[in-house]
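> A predicted structure for the sequence below; I have some questions about it.
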Amino acid sequence: MEVSLSSATSRSCIYHSSPEPLRLERVKLPKWDRYLLSLSSTRRIGVLSAESNSLKILYCQKREAPVVAGRCIEEVYDALAERLVPTAAAMSNPNLKHIVGLAGPPGAGKSTLASEVVRRVNKLWPQKASSLDSQVTSPDIAAVLPMDGYHLYRSQLDAMENPKEAHARRGAPWTFNPELLLKSLKILRSQGSVYAPSFDHSVGDPVEDDIFVSIQNKVVIVEGNYLLLDNGVWKEIASMFDEKWFIEVDINKSMQRVLKRHIATGKPPDVAKWRIEYNDRPNAETIIESKKNADLIIKSIDF
């Protein structure tokens, strides 16, 4: 399902897909993100949205994940944050966590989206939810847990049968430690808090116990490339999430972003291009295949 962002006063047609003939109904939609929330459990509705005197057709098929698309990225951040706050407010048990798995190819904007949504959730929380939960006084109701910290150490790559290949393919699924990530998520579920590793890009290795997800963090966005894979340990990791989000982006656009990132960090252009074709693009293709496992698709928008 694709849902466009529009004002509270926009008018739309809704058609219901069923064995019966199609019926068109004129309605005034509420704010779009609340509307999306109400439709998240039923994926049999399409929306025809009229904007600027032109009709934009937005459609879905049964069992497809809803798609979030906005006129600007800030609207997407705001809507996703407003989606999460009521869920956090409904949790009376302080040990409970609502864990979101956010996946997408390199260059999709996962880290930025996760941090911006978390920042907005924390900003909204005192305004909308503090009266509903007297046990939580910290403004940090939400937190980000990046998958980057679960890279294998360089020394572990050195110990592989083909160290040169291992370093060249760093970032592929087999250069991570999914068992450790799964262990962290299980501890978070059972104990309500966990220490997790971060990743030091200056030295190229994880930093153990550098991130603390506290018992007060009711919403945790775990972001990383392979979180929605459906094979091996990754499949068990995906089962730990209450919601599974995927950022959809044109692969050529995402590779251009990664190329700029490589060059900005000091790689010569020819080396950066080689790495894209040898490692980043094959990884992205694998990640894009996991989009089918998402509950919510987020359209990537240029910043």
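Noted; the coordinates are in hand.
> Give me the helices and strands touching the strand or helix carrying residue 254, please.
Assignment of secondary structure by DSSP states H and E places residue 254 within helix 251-264. Packed against helix 251-264 by the contact rule (3 or more C-beta pairs under 8 Å, 6 or more residues apart in numbering; DSSP states H and E) you find helix 269-275, helix 281-289. Placement of C-beta: from N, CA and C, glycine included.
> taking the mean pLDDT, what do you get for that helix?
Over the span of helix 251-264, the pLDDT mean works out to 96.
> Return the distance of it from the chain's centre.
Between the mean C-alpha location of helix 251-264 and the chain-wide mean there is a distance of 19 Å, by C-alpha atoms, centre = their mean, to the nearest Å.
> in that helix, what counts as buried?
The neighbour-count check on helix 251-264 (16 or more other C-beta atoms under 10 Å) flags 251, 254, 255, 257, 258, 259, 262 as buried.
> ok, now stretch 92-102?
For stretch 92-102, a neighbour-count test (16+ other C-beta under 10 Å) marks 97, 98, 99, 100, 101, 102 as buried.
> Of these, which belong to strands?
Among the buried residues of stretch 92-102, the ones falling in strands (DSSP state E) are 98, 99, 100, 101, 102.
> Just put these in a markdown table and tack on distance to residue 193.
Written out in a markdown table, the entries for these read as follows (distance: C-beta to C-beta, whole Å):
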| residue | distance to residue 193 |
| --- | --- |
| 98 | 15 |
| 99 | 13 |
| 100 | 17 |
| 101 | 19 |
| 102 | 20 |
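> Can you tell me who residue 195 pairs with across the strands?
residue 212 (DSSP bridges).
> need the contact list for it.
Residues counted as contacts of residue 195 (C-beta atoms under 8 Å, 6 or more residues apart in numbering) are 209, 210, 211, 212.
> Can you tell me the SS state at the first one?
When the structure is split into helix, strand and coil by DSSP: H, G, I helix; E, B strand; the rest coil, residue 209 lands in strand.
> and the gap between it and residue 175?
Residue 209 sits at a distance of 21 Å from residue 175 (criterion: C-beta to C-beta, to the nearest Å).
> With pLDDT as added columns, please give the ones in strands among the buried residues of stretch 92-102 in TSV.
Listed next are those as TSV, based on pLDDT from 0 to 100:
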residue	pLDDT
98	96
99	97
100	98
101	98
102	98
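> hang on, the earlier thing: would a markdown table of the buried residues of helix 251-264 with distance to residue 145 be doable?
Rendered in a markdown table, the data for these read as follows (distance: C-beta to C-beta, whole Å):
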| residue | distance to residue 145 |
| --- | --- |
| 251 | 26 |
| 254 | 22 |
| 255 | 26 |
| 257 | 23 |
| 258 | 22 |
| 259 | 27 |
| 262 | 25 |
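> Can you list the buried residues in stretch 186-205?
Here stretch 186-205 shows 188, 192, 194, 196, 197, 199, 205 as buried, counting by 16+ other C-beta under 10 Å.
> Which secondary structure element of the chain has the lowest mean pLDDT?
Averaged element by element with mean pLDDT, DSSP states H and E, the chain has its least confident helix or strand at strand 11-16 (a mean of 28).
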